[in-house]
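Asker: this is the structure alone, sequence omitted:
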């Protein structure tokens, strides 16, 4: 499977960005699709996930109420709407796929190339 991510960029604190992840060569509906992020000098952490089999969504505590994950099956796309962005959200954001939901990056089989999100104060 391949992912193509887009939508990253620079924004001031309080602003919004929308990330998109388009998947190909994959039975999209059989996977959990997650967004991870990695800030400089830090490990990769899970941000949000949508299980494509049942639509259940998961969020990291620090983004709950600010970020919204959604999917478009017809377009094989998972999006992450990020609102009220803060400097601590600055990171490279990746989408990834695994057969079931997991918070552990090492469990994921397929990864995108990442897109940079920078939030200035």
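Answerer: Now that the structure is in, tell me what you want to look at. Everything numeric here is computed off the predicted structure, so don't read it as measured data.
Asker: what is the neighbour count of residue 121?
Answerer: Neighbour count of residue 121, defined by other C-beta atoms under 10 Å: 9. For the C-beta atoms, the positions are set from N, CA and C on the backbone; glycine is no exception.
Asker: so what's it up against?
Answerer: Contact partners of residue 121, counting by C-beta atoms under 8 Å, 6 or more residues apart in numbering, are 12, 13, 87.
Asker: return the set of buried residues in stretch 78-93.
Answerer: For stretch 78-93, a neighbour-count test (16 or more other C-beta atoms under 10 Å) marks 78, 79, 80, 81, 82, 85, 89, 90, 91, 92, 93 as buried.
Asker: surely the third one meets residue 6?
Answerer: Looking back up the chat, that one is residue 80. No: using C-beta atoms under 8 Å, residue 80 makes no contact with residue 6, being 11.2 Å away.
Asker: including pLDDT and distance to residue 36, could the contacts of residue 121 go into JSON lines?
Answerer: JSON lines is the format used below for these (pLDDT from 0 to 100; distance: C-beta to C-beta, whole Å):
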{"residue": "12", "pLDDT": "98", "distance to residue 36": "24"}
{"residue": "13", "pLDDT": "98", "distance to residue 36": "22"}
{"residue": "87", "pLDDT": "97", "distance to residue 36": "19"}
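Asker: now, which of those sits nearest residue 44?
Answerer: Nearest to residue 44 among the contacts of residue 121, counting by C-beta to C-beta, is residue 87 at 18.8 Å.
Asker: shouldn't residue 62 be within a helix?
Answerer: Yes: applying DSSP: H, G, I helix; E, B strand; the rest coil, one finds residue 62 inside a helix.
Asker: next, count neighbours for it.
Answerer: Around residue 62 there are 13 other residues, counting by other C-beta under 10 Å.
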